[in-house]
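Colleague: Need the 3D shape of this:
(chains A and B)
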Amino acid sequence: MADPSPVLGLRGLVRRYGEGPRAVRVLDGVDLDVRPGETVAIMGASGCGKSTLLHLAAGMDRPDAGEVRIAGVEVHGRPEPARTRERARRVGLVFQDFNLIESLTARENVELAVWLSGAAVAADRIDALAGELGIGELLERRPDQLSGGQQQRVAIARALIHGPAVLLADEPTGSLDRVAGEQVLDVLFDAARARDCALVLVTHSDQAAARCDRVLALRDGRLVPA
Amino acid sequence: MRARLSHGFFRRHPGQWLLALVGIAAGMAVVTGVALLRGALVDSLDAAADELAGRDSIVVRPLGESISPERFAELARLPGAPDWVPVVRIPVRVGDVQLEVIGLDGFSAVRDVTADSALAGDADRLEWTGDGPPPAAIGRETAALLGVEPGETLTLEGPNGPADLALVGTRGAGLDRRLVMDIAVAQHAFDLPTAISELLAPGSAAAWIERNLPADLQARTLDQQRASARELTAGLRANLTAMSLLALATGLFVVYSVLSFLMVQRRRSFGVLRAIGLTPGDLARMLAQEGLVLGALGTLAGLVVGTLLADLLLALIADPVRSIYGQLALARTAPSLGLYGTLFGLGVLAATAVTLPVVREALRVPPGRLVRAAEAPAPDRVGWALAGLPVALGLAWLALDPGLIAALGGLFLVLAGLATLIPRTGFGLLAVLARLAGGGLTGRAIRLLGGSRRRLAPALSALSLALALAMGMGMMILGFRASVDDWVQRLLQADLYVSATERRLTVDEVDRLAALDAVAAISTVSVQRLADQTRLTAYRLPDAAWSGFEWLAGDPERVRAGFVAGRGVAVSEPLARARGLAPGDLLELPLAGGPRRFEVLGVFRDYSSDAGFVAIDADQLTGPDAREVDSVGLYATPGGDRAALEADLRAAFGAAGELQWIGPAEIRDQSLSVFDRTFRISWAMAVLVGGIALVALVSALLAHGFERAREYATLRALGLSPAALFRLVVAQTLALTLAAALLAVPIAVVVHYALALFIQPRAFGWSVPAGLPPLGPVVVVVPLALLLGALAGLIPAARIGRRAPVSALRAG
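Modeller: Just a heads-up that it's a prediction; the model follows:
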């Protein structure tokens, strides 16, 4: 059986910071294909461009050269509103420091993604997903009433609720202790696999990376097997 | 190191610091402007009292119109009489400019009584040999005002026709809009051969004057004159001060609002600093120093702007002060180091006081706290107590103490209490707005605000209060204007009012007026000032005129019956308030024939002056001048009209200008025009407070936009398009503005009633009927606030929309 089409395809991705001779080429021809349900870890030294790569993959930033395709849709050359639309529909984002909207309850934070994606999601899906992630009892609390681990679970629920093709997680355990980090990773991998959702995980943690199907390292602006 | 930490933050957030500076500068500018204006007003009144008489002199004035030459001769012949200096004051005009000619006896002891005045040096130059126009001394400012130079000839319109005068330059102080002549020359030039307005005497004659002065003359020392002149404007000055303090309070709310936002932004930094060893004391000192610097810089800016503002305010107030408080020129504003020092201290103290709650909050940040503070709303009971206590105290103060200070202090306390209720009510209102807006972008945008109560509370309070003050002041002015309009229309029952130019109407003229064919009835009015400065107005009124009185106390029928029968008098509201008079009280009046006691029958509404007057039936007055009147109201015969009355008047009195007449519509227009000029300063204050409200609005919304940058970036990362984010930010700022404006309306009504029912009556003696407040200011201010709210939202919205979410997330 042929490989399914990649849900995330990066080709010859280049990203420079600065101008002229002082320009720094953070990404220098990155190629990556991620299939549905596949989990990929991206590692590398601090400042090597991992987060930049993730932002380009999400369409939050534009490459200086190269292509970004999400679920087969070309993203890199499209104007900002179109990129934003694609991100809202097909991408789930998990940040290191959660980035929940403080003024909203956990449920409202999750609903936010449903609203932004325009997906038709039944109300009980939120409760079901929250139950699955272990935060079923916490949905009416605000972020400041939750622990770090609980907040990250809410963020994962927000990233998954609209059924994205790919989940991009930037150091999702970076702000958590070891135990909470492990629990969050369990939840993240289980939930992604259960939905056949691809997961790209930027991490410094060998243990986290070891859970992935593939582990890549970003070195000198290119992805290489770790 | 502390300074470097502050400086670093300052450099990163110049916009927010600038907003805080603008807030305090705007408030202090108004306080400075009004302080200088008050100083100029007091200086002007002192100068008016000093300009002629020396500091140690005594002024003797008649109770009637003038002192006859025979009376003067009698006084001068009394044993031990001082060397009197007779003075005549003649109102004159050059075009539209009203002036006064002061005639002095240059050969008497001018130097003794005008020791502090440069006038004394001019006495010799004012002699007239009969060749050419008579000489008159003119001050530099008056000459500049009229566009003339000393040495030129000036034609003035006097009471009995024009007169040419040769101008002589003088450096005399307090002579703005006045010319000085020798008294005999002035009497001759203006065809007033017997007029003497007052007599000056040296202070050493005080004992003699007290023993020997006849009852129909009154003596006043300079200090008494000054005090009474100052009393005249006490209400006006108190009002200006109150309004300027309200402006300062509004400005301080802006400062507090911006500082609170800055505090939220720095919470992480404070947590880190505390974690790595910064003590609470260090942190408090750092923030206190910032508050001091902010207060000092903002106050300095406010002093500069306020000094410029004072001249503008002075120009606004000059006309009404001249027309209401007498013919005097306003002194220039006189900034002094002492005043600036006091104001600087006030500004820095106020700004530092505002930073205290922020410092307190900063000290609560636990070391290492890296996430934002939990919203911890105060328990309901505490919240209501916080609001209820100042409101109750304010109302109690207002009710128990009848003074003006109590009215102002009470209003401040009530507003302070209401300010604590605003966030609670405001967020309830936002929740309703969110429900009404539904589940779309707008509804969600408004719901997002709901979680930031603590951060938005000061901004919401500042906005609401500032808008309420601006609208409340506007409502009061419009409401008062409508009341004055009603009062004038009600008062003017006659079809035409007749008077003579610069003299009274004689008995013969009154009889001839009453006998005109087109006249069904007449009313007469005659005004005089009594020895105790009470204004006494004698009326002879037909039936139709009685409906012109609006009785605030006393039964109208009983008042009328008693008044006509001579059993008592009626008093106007300002006088009743000033002297605590009510129906049934006895009032002693120093009449020409000796003091007489009258029962106060009733109190009627009157906006003609803030000193008030006593109304008496004309038949109660005796004496040679008692039947002469100041004006006559003509009531047309049934079916007749003004044209018929005017035709009769022209036929009977000719068109030579012997008499002048005016209709009620023109009087109404003139009265409202005086009102509008008088209240220009109040409008200016309302506009200034409104301006600060808009600064508050813009600063709060900008700070709100900047503060939520990270949240907006997250929304962008999750898929909110730039256009949708733009709409979201604008919807949020509009919703905040709308909530603040809606809450401001009831508070504005409270401010309106407080000003109309407590502060105006206590400052001026005038009350305003407690009807519905005019909604004009709401119609203007609310849409303007919404427009500016939307515009203020556009700046952060555009900024955030342009910014890549990646950088915003990193910067967060």
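
Colleague: For the most centrally placed residue in chain A, give me the pLDDT.
Modeller: Nearest to the geometric centre of chain A sits residue A:168, at 1.3 Å (C-alpha atoms, centre = their mean). The model reports residue A:168 with a pLDDT of 94.

Colleague: residues in contact with the one helix or strand it maps to?
Modeller: Take DSSP states H and E as the rule and residue A:168 turns out to sit in strand A:166-170. Outside strand A:166-170, the residues that touch it by C-beta atoms under 8 Å, 6 or more residues apart in numbering or on different chains are A:7-8, A:34, A:50-51, A:54, A:57-58, A:70-71, A:90-96, A:159-160, A:188, A:192, A:197-202. Heads up, the C-betas are built off the backbone N, CA and C, glycines and all.

Colleague: Only whichever of those residues are buried, select them in PyMOL.
Modeller: Burial among the contacts of strand A:166-170 is assessed by 16 or more other C-beta atoms under 10 Å in any protein chain shown; the matching PyMOL selection reads:
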select buried, chain A and resi 7+8+34+50+51+54+57+58+70+71+90+91+92+93+94+95+96+159+160+188+192+197+198+199+200+201+202
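
Colleague: Which of the contacts of strand A:166-170 fall in strands?
Modeller: A:8, A:34, A:70, A:91, A:92, A:93, A:94, A:198, A:199, A:200, A:201, A:202 (DSSP state E).

Colleague: Return the member of those residues nearest to chain B.
Modeller: Nearest to chain B out of the ones in strands among the contacts of strand A:166-170 is residue A:93 (C-beta to the nearest C-beta; 5.8 Å).

Colleague: what's the closest one in contact with, if anything?
Modeller: A:58, A:87, A:159, A:167, A:168, A:169, A:170, B:717, B:718.

Colleague: Give me the neighbour count for residue B:521.
Modeller: When neighbours are defined as other C-beta atoms under 10 Å in any protein chain shown, residue B:521 has 16 of them.

Colleague: Which of the helices or strands spans it?
Modeller: strand B:519-529.

Colleague: continuing past that strand, what's the next helix or strand?
Modeller: strand B:535-540.

Colleague: Where do the helices of chain A begin and end?
Modeller: A:50-58, A:80-90, A:106-117, A:123-133, A:148-160, A:178-194, A:206-210 (DSSP state H).

Colleague: what do you get for the stretch 101-250 of chain B?
Modeller: B:110-113, B:140-146, B:183-189, B:206-212, B:222-275 (DSSP state H, counting those that start in this stretch).

Colleague: pretty sure residue B:551 contacts residue B:615?
Modeller: No - using C-beta atoms under 8 Å as the test, residue B:551 is too far from residue B:615 to be in contact (11.5 Å).

Colleague: Need the overlap of contacts for those two.
Modeller: Common neighbours of residue B:551 and residue B:615 (C-beta under 8 Å, 6+ apart) are residue B:604.

Colleague: Of the two, which one has the most company?
Modeller: residue B:615 (23 against 19).

Colleague: Name the nearest residue to that one, sequence neighbours excluded.
Modeller: Distance criterion C-beta to C-beta, 6 or more residues apart in numbering or on different chains; nearest residue to residue B:615, sequence neighbours excluded, is residue B:570 at 4.4 Å.

Colleague: correct me, but that neighbour touches residue B:554?
Modeller: Yes - the criterion here is C-beta under 8 Å, and residue B:570 meets it with residue B:554 at 7.4 Å.

Colleague: what residues are up against residue B:579?
Modeller: B:571, B:587.

Colleague: wait, residue A:171
Modeller: A:96, A:202, A:203, A:204.

Colleague: got it, and residue B:417?
Modeller: B:386, B:387, B:388, B:389, B:390, B:391, B:392, B:394.

Colleague: Which element, helix or strand, includes it?
Modeller: Short version, using DSSP H and E: residue B:417 is in helix B:404-437.

Colleague: Following the chain past that helix, name the next helix or strand.
Modeller: Next along from helix B:404-437, by DSSP H and E: helix B:441-449.

Colleague: close to chain A, is that next one?
Modeller: Yes - counting by C-beta under 8 Å from any C-beta of the partner chain, chain A is contacted by helix B:441-449 at B:444, B:447, B:448, B:449.

Colleague: Closest to residue B:289 out of the residues you listed?
Modeller: residue B:449 (32.9 Å; C-beta to C-beta).

Colleague: Test my guess that that closest one contacts residue B:457.
Modeller: No - Residue B:449 lies out of contact with residue B:457 (C-beta under 8 Å); the separation is 11.4 Å.

Colleague: So which of those two has more stuff around it?
Modeller: The neighbour comparison of residue B:449 against residue B:457 (other C-beta under 10 Å) goes to residue B:449, with 26 against 20.

Colleague: any idea how far that one lies from residue B:428?
Modeller: Separation of residue B:449 from residue B:428 (C-beta to C-beta, to the nearest Å) stands at 12 Å.

Colleague: ok, now residue B:631?
Modeller: For residue B:631, the distance to residue B:428 - C-beta to C-beta - is 59 Å.

Colleague: Over to residue A:20?
Modeller: 57 Å.

Colleague: Can you name the residue of the stretch 601-750 of chain B nearest chain A?
Modeller: Closest point on the stretch 601-750 of chain B to chain A, by C-beta to the nearest C-beta, is residue B:719, at 2.3 Å.

Colleague: so that residue makes contact with residue A:85?
Modeller: Yes - with contact defined as C-beta under 8 Å, residue B:719 counts as touching residue A:85 (7.0 Å).

Colleague: Now stretch A:125-139: buried residues?
Modeller: In stretch A:125-139, counting by 16+ other C-beta under 10 Å, buried: A:125, A:126, A:129, A:130, A:132, A:133, A:135, A:138, A:139.

Colleague: And the strands in the stretch 651-800 of chain B, which stretches?
Modeller: Counting by DSSP state E, counting those that start in this stretch, the stretch 651-800 of chain B has strands at residues B:659-662.

Colleague: count of neighbours near residue B:508?
Modeller: So residue B:508, with other C-beta under 10 Å, has 9 neighbours.

Colleague: For it, which three-state class applies?
Modeller: With DSSP: H, G, I helix; E, B strand; the rest coil as the basis, residue B:508 sits in helix.

Colleague: So it versus residue B:666, what's the distance?
Modeller: The gap separating residue B:508 from residue B:666 is 26 Å, by C-beta to C-beta.

Colleague: Among the ones in strands among the contacts of strand A:166-170, which one sits closest to residue B:158?
Modeller: Of the ones in strands among the contacts of strand A:166-170, the one sitting nearest to residue B:158 (C-beta to C-beta) turns out to be residue A:93, at 89.2 Å.

Colleague: is that closest one in a bridge, and if so with what?
Modeller: Beta bridges link residue A:93 to residue A:168, judged by DSSP bridges.

Colleague: ok, residue B:600 touching residue B:584?
Modeller: Yes - assessed by C-beta under 8 Å, residue B:600 is found in contact with residue B:584 at 6.8 Å.

Colleague: neighbour count winner among those two?
Modeller: residue B:600 (24 against 11).

Colleague: can you tell me how far residue B:195 sits from chain A?
Modeller: 79 Å (C-beta to the nearest C-beta, to the nearest Å).

Colleague: Just say helix, strand or coil for residue B:566.
Modeller: Going by three-state DSSP: residue B:566 is coil.

Colleague: In space, what's closest to it - neighbours in sequence excluded?
Modeller: In space, residue B:566 is closest to residue B:620, 5.1 Å off (C-beta to C-beta, 6+ apart).

Colleague: what about that neighbour, neighbour count?
Modeller: 18.

Colleague: just residue B:735 next, same as before
Modeller: Neighbours around residue B:735, by other C-beta under 10 Å: 24.

Colleague: if I pick the closest residue to residue B:446 other than its chain neighbours, what's in contact with it?
Modeller: Closest residue to residue B:446 apart from its sequence neighbours, by C-beta to C-beta, 6+ apart: residue B:434 at 4.0 Å. Shown in contact with residue B:434 (C-beta under 8 Å, 6+ apart): B:443, B:444, B:446, B:447, B:450, B:735.
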